[in-house]
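Student: Got a predicted structure here, sequence first:
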Amino acid sequence: MTETVCVVVVTFNRADLLRGLLERLAALDTVPDAVLVVDNASTDHTAQVLAESANPGLAVVSMAENTGGAGGFHAGVRAAYEAGWDRIWLMDDDVLPAPDCLDVLLAVDPDHAACLMVTREDSAGRLVEKAATDFDLTHATALRPKRASVETTYRSRGAMPELVELQNVPFEGFMVRREVVSAVGLPDPSFFIFYDDVDYALRARRAGFRIWGVRDAVVVRRLDFDQQHDLAGWKGFYMYRNLFVVHLRYGATAAVRLKPWLLTAAVVVLSPLRGGVAEARNVIRAMRSARTMRSLPPASVD
């Protein structure tokens with residue numbers, strides 16, 4: 001029996017990118033059974049794009065306010081799960097799956113198919129897949145837990161094996177079977193942006209699910225990666241806080257769980273040479289907030 005597939009797309013004020021994605025989803029070699037768009041209270045012409053779309057099974061979840069990517073995927077996964085779809089395929093609005101992408105994912109051996117990740121390329125065909133092949137929360141000396149990614153390990157898609165085991169993923173082409181959601185629960189909306197996908201992958205792996213990157217399931221990313229945000233600004237707060245939360249929740253030792261405190265102290269001491277008082281305030285607020293998020297979210301969709 002063929003499994004049903006619902007694509008969950010989260011969007012906010014990027015109507016033209018959303019239009020291109022919806023058109024591509026409708027033109028896939030195998031068209032998904034449903035497309036569920038979570039509109040995070042967009043103020044551009046997103047509503048018009050959705051009204052004009054002819055995608056089979058299109059449904060829209062309209063949020064009353066912008067809940068960030070984390071809140072959007074929380075709402076979207078819940079709606080797709082409650083609708084009974086067998087597989088849930090998560091996407092941002094700035095990607096374009098290759099025509100055969102869904103077929104390739106559905107053809108993966110069932111023993112490896114609970115959690116699958118596409119392989120992202122840029123518009124020039126260069127490998128830009130940043131999903132982690134080594135994410136270390138066991139050694140306190142690892143300043144950055146992501147020590148290797150698909151991109152840094154293989155350099156080109158042609159050098160990859162057919163399947164690559166991953167330790168975390170982005171919500172940009174990640175596909176899960178419904179039994180994963182049953183066991184793990186929903187994405188944590190409290191992250192708002194950044195690390196909600198990392199958190200979910202870690203929860204899935206803790207529940208015994210392995211995550212596989214699929215070499216031939218290609219998705220083109222239309223925008224450049226831009227993760228080097230102003231650490232003194234509002235995005236910097238979320239980057240610091242959510243990184244700290246991941247360490248506090250999943251650090252394997254007390255020393256690893258101590259790292260956020262040490263990093264906070266280091267940023268404050270070095271702030272005259274970095275982001276100044278604003279970054280120091282940001283990291284202190286981030287540490288305070290992270291302490292309130294140490295508990296795991298419910299492993300349930302109820």
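Tutor: Right, received. Where do you want to start?
Student: hang on, residue 38 packs against residue 72?
Tutor: Yes - counting by CB atoms under 8 Å, residue 38 touches residue 72, with 4.2 Å between them. From N, CA and C alone the C-beta is placed, and that goes for glycine too.
Student: Could you check which helix or strand contains residue 76?
Tutor: Taking DSSP states H and E as the definition, residue 76 sits inside helix 68-82.
Student: Could you look up the next helix or strand downstream of that helix?
Tutor: Assigned by DSSP H and E, the successor of helix 68-82 is strand 87-92.
Student: Report all helices and strands that whichever helix or strand comes after that next one contacts.
Tutor: Downstream of strand 87-92, the next assigned helix or strand under DSSP H and E is strand 95-97. Counting contacts by 3 or more CB pairs under 8 Å, 6 or more residues apart in numbering; DSSP states H and E, strand 95-97 packs against helix 15-26, strand 211-221.
Student: Show residues contacting strand 95-97.
Tutor: Under the criterion CB atoms under 8 Å, 6 or more residues apart in numbering, residues 20-21, 24-25, 28, 91, 118, 120, 172-173, 217-222 lie in contact with strand 95-97.
Student: Go through those and say which is closest to residue 109.
Tutor: Proximity of these to residue 109 was ranked by CB to CB; the top entry is residue 217 with 13.5 Å.
Student: Can you name the residues that contact the closest residue to residue 40 other than its chain neighbours?
Tutor: Nearest residue to residue 40 in three dimensions, chain neighbours excluded: residue 12, at 4.0 Å (CB to CB, 6 or more residues apart in numbering). Residue 12 sits next to 39-42, 66, 72 when contact means CB under 8 Å, 6+ apart.
Student: Next up, phi/psi of residue 12, please.
Tutor: Backbone geometry at residue 12, expressed as degrees, to the nearest 10, gives phi -150, psi 110.
Student: mind checking pLDDT for the residue of the chain positioned farthest from its centre?
Tutor: Taking CA atoms, centre = their mean, the residue of the chain most remote from its mean C-alpha position is residue 272, at 33.4 Å. Among the per-residue scores, residue 272 holds a pLDDT of 84.
Student: what's the answer for residue 143, then?
Tutor: The model reports residue 143 with a pLDDT of 78.
Student: any idea how far residue 256 is from it?
Tutor: Distance, residue 143 to residue 256, using CB to CB, to the nearest Å: 11 Å.
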